[in-house]
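[1] Show me the folded form of this:
(2 chains)
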Amino acid sequence: MPDLAISTAGLGKTYRGRPPVEALQPLSLDVAAGETFGLLGPNGAGKTTLVKLLLGLAAPSSGTATLFGRPIAEAEARRPVGYLPEGHRFPPFLTGRQTLDVFARMSGVPDNERPRRAAELLDLVRLAGAADRKVGTYSKGMLQRLGIAQALMNRPRLVILDEPTDGVDPVGRREIRTLIETLRDEGVTVFLNSHLLSEVERICTRVAILNGGRMVRLGTVDALTQRARAWSVTTTPLPDATAAALADAFGDATERPDGLVRHVVTVPDRVALNAALDRLRTDGVEVEAVEPARQSLEDLFVEVVAPSAL
Amino acid sequence: MIGLFLLTLRELRARKVVVGLFVVATVIWVAFAFALQLDIVDGSLAGARLFGQETVEEGPTHAPGDVMLDDAGQPILGDDGTPRTYGDELPFGASTLLESVVFTAQAFVSGAAYWIGILLALFATGGLVASLTERGQVDVILTKPLSRSQVLGGRLLAVGAVMLALVTYLFGAVWLVMSIKSGIWSPRFLLAILVVWAMFAVVYSIVTLVGVWSGSGPLSFIVTLGVVFVSLILAIPDLALQVNRFWRPVVVGAYHLLPKFGSVGTTLVPQLATGGSVGSLYALASSLLFGTVLYALAFFLFSRKDLAPCSPPPGPHESPSR
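    Have a look, this model is predicted:
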């Protein structure tokens, strides 16, 4: 069994009220150490509730959870964790450098290591020049980068990032993505909670989609976006007779600027696919590419969280 | 916990009100140091001037051992038939006048510190506990490997340390100035430091509990002022006898239940400041008990509170951005 960074078993949360709000239905989820995991869902889906429960900001109504094997109720469970909350507010009277120092001290980073680590991370997030300026004068993007540096001060084994690119310009966004990839390469577990699906699609190896407080999809990005029994076939234009013969299998066609046509081919199995390809070649159609048809993560997301899917 | 302690100290420093309190304290003791002139002759007060104005007319300048005379100039005889003499222990006379000036000054400072200083300190620090429950900052702090008790405790320790430093600075400096100027060293005045600080801590327990419960700094401040106001009314002597039978148990019950801010301020603090004998400590002790219970409740509530409440359940569908 792999080392688990996060493990939940029936973890749920219902907020008291009239009526009570079931923010997260019992959820069982394992995230392996070293994995880059994406958590997706529309507003109010339960993503933030899950993160709050994992980090001890709210108490679960049901179930259990551990971080690296330690129950989340123990403060020590959070020692190997770095967290960037959404909409964080650092004390405006501290400088960037002081902010890192104060919060790293709370994380238990030794005195002799803090200044060096702070300098290193300020450099990494391009805030070295503003390190001794009051945080109150920072722009939103700078605050976000400072938040990321803060989350990394204690050299965490698990980084939980809540909308890390919120308010960051495209260049900064790319830098953050590169940073996350670096963390992944160093074996750090990354738990990414983001609305930016393209970002999640690029970075994460596995994703979960929450909707209405329950998990509606879980799997690798490849597995989730692959359409069942569908392939993308790029060919030269089909003669009318061929098109008519293969009309049942060949669905949507998109003409590309180079004159080739991309078809979405839906067939029951590989044998049927090869039969269709044989027919194309027999009719003199040239095949450029055959690949499993995928939908984008955005398409999948919209499909599973659309009101009709609820 | 040290990190939160230091963060709170920085936050207090950033709040100009706390710095202002230290400045006011400095102005007070400097005023006593330079504006109050005591003319002391042979250990007795010959005159006192405040900002150059005569405040005590030149009184008798008897030295210890001098024979006491009546208005007719005849010696006053004691019980044993011998003439009475002035001495340090006499209940009246020039040395008593000097003590009176010293004690009046100390009573003024301790009274001002108690009645005004505590309220100003509450105003300066009132929002600190409630801010612990605000989304944005609390997310970062509480996700550190600290227990909730450590977080709240670090906050309260810092507030308590700053207030103790402030009261000690003011009282200590005034005490030193007055003692050096008068030659009367009355260390009992310094006990008022602990009483003022303890009562601040008692009143702050209300700020803490309401702040943790509601997350609102202004509300916690208003509720605390309300409790202080009620305690002032309850401190009216024989109030229970002045109300009708229906309200009597309510008044008596409230008096014993609530902190006795008014009673401590009108009895214990002046007694310590003026060197008088200290009567019952019930008002202080029961107030401390009240504070202890409220702090215990606040810690309990804080340890179980769901902080940084989450978004409401799904409403209108919102699409992600790409």
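[2] For the residue sitting nearest the centre point of chain A, identify the helix or strand it belongs to.
    The centroid of chain A falls nearest to A:G38 when counting by C-alpha atoms, centre = their mean (2.5 Å). In this assignment (DSSP states H and E), A:G38 forms part of strand A:36-40.
[3] Give the other helices and strands that that strand contacts.
    On a contact count with 3 or more C-beta pairs under 8 Å, 6 or more residues apart in numbering or on different chains; DSSP states H and E, strand A:36-40 meets helix A:47-54, strand A:189-193, helix A:197-203, strand A:206-211. For every residue, glycine as well, the C-beta is placed using N, CA and C.
[4] Tell me the residues of the stretch 201-310 of chain A that contact chain B?
    Within reach of chain B by C-beta under 8 Å from any C-beta of the partner chain, the stretch 201-310 of chain A has these residues: A:N211, A:G212, A:G213, A:E298, A:F301, A:V302, A:V305, A:A306, A:P307.
[5] Check which element follows the lowest-mean-pLDDT helix or strand in chain B along the chain.
    One helix or strand of chain B scores below all others by mean pLDDT, DSSP states H and E: strand B:53-56, with a mean of 58. As assigned by DSSP H and E, the chain's next helix or strand after strand B:53-56 is helix B:94-112.
[6] What lies in contact with the helix or strand just after that following helix?
    Where DSSP H and E defines the elements, the next helix or strand beyond helix B:94-112 is helix B:118-125. Identification of contacts with helix B:118-125 by C-beta atoms under 8 Å, 6 or more residues apart in numbering or on different chains yields B:12, B:15, B:17-18, B:20-21, B:159, B:162-163, B:166, B:196, B:199-200, B:203-204, B:207, B:221, B:224-225, B:228.
[7] same thing with stretch B:168-181?
    Contact with stretch B:168-181 is made by B:22, B:25-26, B:28-29, B:32-33, B:36, B:38, B:102, B:105-106, B:109-110, B:113, B:117, B:184-186, B:189-190, B:192-193, B:196, as judged by C-beta under 8 Å, 6+ apart.
[8] Give me the buried entries from the residues you listed.
    Buried members of the contacts of stretch B:168-181, counted by 16 or more other C-beta atoms under 10 Å in any protein chain shown: B:25, B:28-29, B:32, B:36, B:38, B:102, B:105-106, B:109-110, B:113, B:117, B:184, B:186, B:189, B:192-193, B:196.
[9] Show me what from the stretch 1-150 of chain B comes close to chain A.
    With C-beta under 8 Å from any C-beta as the criterion, the stretch 1-150 of chain B comes near chain A at residues B:2-4, B:6-7, B:10-11, B:13-14, B:134-147, B:150.
[10] now do 10 Å
    Within the stretch 1-150 of chain B, the positions adjacent to chain A are B:1-8, B:10-11, B:13-15, B:131, B:134-150 by C-beta under 10 Å from any C-beta of the partner chain.
[11] ok, of those, which come out buried?
    Neighbour counting with 16+ other C-beta under 10 Å marks B:1, B:3-8, B:10-11, B:15, B:131, B:134-135, B:137-146, B:148, B:150 as buried within the residues of the stretch 1-150 of chain B next to chain A.
[12] Phi and psi next, for whichever residue of the stretch 151-300 of chain A sits closest to chain B.
    Chain B sits closest to A:H195 of the stretch 151-300 of chain A, with a gap of 4.6 Å, by C-beta to the nearest C-beta. The phi/psi pair for A:H195 (degrees, to the nearest 10) reads phi -90, psi -20.
[13] Count the neighbours of it for me.
    Using other C-beta atoms under 10 Å in any protein chain shown, A:H195 has 21 neighbouring residues.
[14] Against A:L39, how distant is it?
    A:H195 sits at a distance of 11 Å from A:L39 (criterion: C-beta to C-beta, to the nearest Å).
[15] residues contacting residue 296?
    Chain wasn't specified; assuming chain A. A:S296 makes contact with A:L197, A:S198, A:E201, A:T225, A:V302, B:R322, according to C-beta atoms under 10 Å, 6 or more residues apart in numbering or on different chains.
[16] Oops, wrong one, chain B.
    Counting by C-beta under 10 Å, 6+ apart, B:A296 makes contact with B:S205, B:L209.
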